Each structure stands twice: as structure tokens, then as C-alpha cells.
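K.L.:
I would like the atomic coordinates for the input below:
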Amino acid sequence: FFFFFRMYQNTDSDSVLTFRCADTTTNLYIDNVDLHSIAFATPSPTPPPLPTADPEGWILKWNDEFSGTEVDDNKWNYDLGTGANGWGNWELEYYTSRDENVRVENGNLIIEARAESYGAGGTAYTSARLKTLAIHDLYGNNHNWTYGKIEARMKLPTGQGIWPAFWMMGADYADAIDWPWCGEIDIMENIGSEPSRVHAALHGPGYAGDTNIGNQIDLTGGQEFKDAFHTFTLEWDPDGLNWYMDGILYHTVIPTEVPGIWVYDHPFFLIMNIAVGGLWPGNPDGTTVFPQQLTVDYVRVFQKESYAVPTDPPLGVNRLVNGDFSNDINGWALSGIDGGVGSVSNIAGELFVNIANGGWGGTYSIQVQQTRLNVPMGKMYQVSFDARANAARTVEAMVAMPGPPYESYSGPKVFNLTTTMTNYS
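P.N.:
Alright, predicted model coming up:
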């Protein structure tokens, strides 16, 4: 099957290719999905020049110098409690917003991990985790950024089982986009058993957790990060990300290097915390001294006046990840709404869509999607795919917005499937 459409505007960063298939409970199989440009229309606009006042073009957009007497609630929110499975890492701490765990002293933010019983679960440790994302208010008055220079000057805690971090998560994580689809950028992580080393990492679909894209840098001459302040910087633009420690570049990732989907062209929010225990650092032992403090001198976010549109693939290049399903189901997910229930799996190199309940919302109750499409205006595109079903049925395909106003860029296209694997376009 195939269909054509012309783009008269740029997609937003969360746009999807979706197959709507909930009008019947007949299961279907999909393979060899391809989305590529086939013709140019008008050239992409040239971005305006950067301002000349700053030689590097950086403009301060947001900062906290911690010059007051308490944490600024207009800038920081808190994660509280133990999270699911210790925030997904089997951590041992209970996060609070108490002065004992987070406060401003002498021009610095103090995040303090303590050995004490706290909370309904009787955890043995407390700490704090600050973030710039406000709960229930995704794009309102929050502090989220797409691209920029993000920087903090910090003095780190130390000890077995201590895990300080300065990092970012995709802001759509609060809008039901699962990790790692939302993206995670670890600007600085340290495990206290490595007092002279910090890590940088990138987590996304196909390269998350133990398979993240990371690197590390070490202090020399017996120095440790607990003894003095150091500056940790991320420079991020459409062409990639660069990590620095005290101005020394030690990690770079560009879109063409990731073994999955690039999910870093949308808003992210900041997080700072000390975790205690967990899968990576291990748990505290008899050598660990409490309390431990992460001391923050400042956090600053700079941006350029404008950013170039992300590099567009040449004509004919598939814009989709894992369209032939040679890498399990990486890059694809099933969305069930209005009673729609189903699952996707890889059977012999085909995406198998198992529909348990078609729901009551029509075709959109079950959708098989690949998100994070970047489909700019000015070209015509072709979508093609192979599909079959257990019995004759229809399927609806389109390129569209995943959220309000749910605009369909391509318009919905309906295809008649049979029990024979057939190419549609």
C-alpha cells in the first residue's frame, strides 16, 4: 500500500505516523514501513543571523544564583517519596522538601542525603530531588527548554552508594510519554565510590539504561569532586550535544550516531538530586559517612537567538526507524484509548498487532505509532508498507499530530487488507 502527501507546514517535534486499526478485532501484520521525500517544492528558509553583541551568541534565558534565604518556589518543584521501584533504579531514599534535605545557605543550594528513618515505608535514608517542571502544568509557566547551554557549578558528595546527578528529561514525560521515548540527558552523574570521575550519558529509544551513549572524565593529581567546585556544561543544538567539565569537552553525540530514535528536538526540564543506593552505585556500606551534601553555586540556561532547522535527509531516504522490524519493535508502540486494548510484538520480522478490544472510539482507539517524526514543509512524501490480516479488514494510515488539535498533515488514507502480505503505498 502507499499514499502521497505534500507538506505545507513543518510538523511539530511530537508528530506521528499512525495506523488506526480499532474498528474490528481482526489482528494484522505490518512490515517494511517507509516514509521518504520524493520531490522538492520550495527551499527551506535561511535562519536569521545570530546577534553580534555576544561573541558566542549566548543569551542568558534563566538562572538561579541561590542568593536568597530559601529555595525559590517560582523556579523549582520537588519529586517526593520513593517513586515506583525506587524511581526505577531500586534506590533507597525518600525524597522530601524539608529544610533538613534541601535549603539555601551562604549563597548556595544544599541538597543533603541523610541516614534516618522516614515515611510510611520506613526508608532508612532521606534526600531531595528538585526539578523545573511543575506538576499538571506541562507548557504553562514552567521552565523547559529546547536547545541551549545548560550549566551548573557544583561541589559533589562522596561515599559508597551516593549518587548525585544534574540531568534533564523530556517535558512530555509528564504528558504520558514513557521513558526513554521522552529522552534523558545526563549532564553530570557521579557515583560516590568514584570520587574523581563524573559521567555524561544520553538515553533514548534503543539506547537506554545499560546501553546508553555515555562517556566519563577524571580529575588528575589525586583531586576529588568533594574538595572544590567544578562547572558542568551541556551545549545542545539541532546538530548534537557536547558535554564539558571545567571547559574541557569530553563527550559528543550527533543524531546520525544513535542506534535508535533521536528524541532531542523538543522541550526538556532540569533535575538535581542525590540518590542513595540503586542498581548502578550499589548500596551504602560501613564506609559511607552521612550526611552527604551536593552544594550548588548556580544553575544557568543560555540560548542562541535562533537555531537552524535540523538537517533534513536527502530525497528517498527512509525517515522511520526500524521500518523493516529487524530490531524487534524498537521505535514502535501501541496506543490504546477509549477502551482500546492491544499489544504489539515481533513475529518472524513482522510487527504483529494483537487487538483484544477495539474500544468505542472508532479507528483511533487502537493506534500503532512511530513518534518524533521531523517532516518539514516544502516537499512531497510517500509512505509505503506491507500488511496482511487474519481476515479481510481495513486500516487507516496518516501522518498527524499526536495531541490537540490532532491535525492530520497527510489526511487519513484507508487501505483494504487481505490475508496475503501485500505492499501498499
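K.L.:
C-alpha coordinates for stretch 190-209, CSV please?
P.N.:
The C-alpha atoms that make up stretch 190-209 are tabulated as CSV, following Å, rounded to 0.1, in the frame of the first residue of the first chain:
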residue,chain,number,x,y,z
ASN,A,190,28.8,10.6,39.8
ILE,A,191,28.8,7.5,42.0
GLY,A,192,30.5,8.2,45.3
SER,A,193,32.8,5.2,45.1
GLU,A,194,34.5,7.0,42.1
PRO,A,195,35.3,10.4,43.8
SER,A,196,37.4,11.7,40.9
ARG,A,197,35.1,10.7,38.0
VAL,A,198,31.9,12.1,36.5
HIS,A,199,29.8,10.7,33.7
ALA,A,200,27.7,12.0,30.8
ALA,A,201,25.1,10.0,29.1
LEU,A,202,22.2,10.1,26.6
HIS,A,203,19.2,7.8,26.9
GLY,A,204,16.6,7.3,24.2
PRO,A,205,14.6,4.6,22.3
GLY,A,206,17.1,1.8,21.5
TYR,A,207,19.9,3.1,23.7
ALA,A,208,18.7,3.4,27.3
GLY,A,209,19.8,2.2,30.7
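K.L.:
Quick check: buried residues in that stretch?
P.N.:
Taking 16 or more other CB atoms under 10 Å as the neighbour-count basis, stretch 190-209 is seen to contain the buried residues 190-193, 195-196, 198-208. From N, CA and C alone the C-beta is placed, and that goes for glycine too.
K.L.:
cool, and stretch 357-367?
P.N.:
Using 16+ other CB under 10 Å as the burial criterion, the residues of stretch 357-367 that qualify are 358-359, 361, 363-367.
K.L.:
Can I get these in a markdown table including secondary structure, pLDDT and distance to L80?
P.N.:
Conversion of these to a markdown table gives the following (DSSP: H, G, I helix; E, B strand; the rest coil; pLDDT from 0 to 100; distance: CB to CB, whole Å):
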| residue | secondary structure | pLDDT | distance to L80 |
| --- | --- | --- | --- |
| G358 | strand | 86 | 39 |
| G359 | coil | 86 | 34 |
| G361 | coil | 75 | 35 |
| T363 | helix | 80 | 40 |
| Y364 | helix | 79 | 35 |
| S365 | helix | 86 | 34 |
| I366 | strand | 88 | 35 |
| Q367 | strand | 87 | 33 |
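K.L.:
I'd like these written out as TSV, with distance to M401 added.
P.N.:
Formatted as TSV, those follow (distance: CB to CB, whole Å):
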residue	distance to M401
G358	23
G359	20
G361	17
T363	16
Y364	12
S365	17
I366	18
Q367	12
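K.L.:
spatially speaking, which residue is in the middle of this protein?
P.N.:
Nearest residue to the geometric centre of the chain (CA atoms, centre = their mean): G183, 1.3 Å.
K.L.:
does it really touch H203, like I thought?
P.N.:
Yes. A contact is recorded between G183 and H203 when judged using CB atoms under 8 Å, the distance being 7.1 Å.
K.L.:
Packing partners of the worst-scoring helix or strand of the chain on mean pLDDT?
P.N.:
Ranked by mean pLDDT, DSSP states H and E, the helix or strand of the chain with the weakest confidence is strand 2-6, at a mean of 76. If contacts are counted by 3 or more CB pairs under 8 Å, 6 or more residues apart in numbering; DSSP states H and E, strand 2-6 sits against strand 379-389.
K.L.:
ok, and for the strand it packs on, which residues are buried?
P.N.:
For strand 379-389, the buried set under the neighbour-count rule, 16+ other CB under 10 Å, comprises 379, 381-389.
K.L.:
Please apply the same query to stretch 33-40.
P.N.:
Of all the residues in stretch 33-40, those buried under the rule 16+ other CB under 10 Å are 33-37.
K.L.:
for stretch 257-265, same thing?
P.N.:
258, 260-265.
K.L.:
What is the most widely separated pair among those?
P.N.:
Using CB to CB, these span at most 14.5 Å, a distance reached by G260 and D265.
K.L.:
tell me the strands in the stretch 151-300 of the chain, going along the chain?
P.N.:
For the stretch 151-300 of the chain, the strands defined by DSSP state E, counting those that start in this stretch occupy 162-170, 184-189, 197-203, 213-218, 230-237, 240-245, 248-253, 268-276, 292-303.
K.L.:
Out of the ones you listed, the one nearest I59 is which?
P.N.:
Nearest to I59 among these is strand 292-303 (5.9 Å), distances taken as CB to CB.
K.L.:
quick one: strands adjacent to that closest one?
P.N.:
In the sheet, strand 292-303 lines up against strand 59-64 (antiparallel), strand 108-118 (antiparallel), strand 148-155 (antiparallel) (DSSP bridges).
K.L.:
re the thing from before, ok, then the element right after the least confident helix or strand of the chain?
P.N.:
Helices and strands here follow DSSP states H and E; after strand 2-6, the next one along the chain is strand 15-20.
K.L.:
What's the mean pLDDT across that following strand?
P.N.:
Predicted confidence along strand 15-20 averages 82 (mean pLDDT).
K.L.:
So what touches that strand?
P.N.:
With CB atoms under 8 Å, 6 or more residues apart in numbering as the test, strand 15-20 has contacts from 30, 33, 35, 320, 335, 353, 362-364, 366-375, 383, 395-402, 409, 412.
K.L.:
low-confidence ranges in the chain?
P.N.:
Within the chain, the segments meeting pLDDT under 70 span 8-14, 23, 39-55, 134-142, 174-177, 309-311, 378, 402-406.
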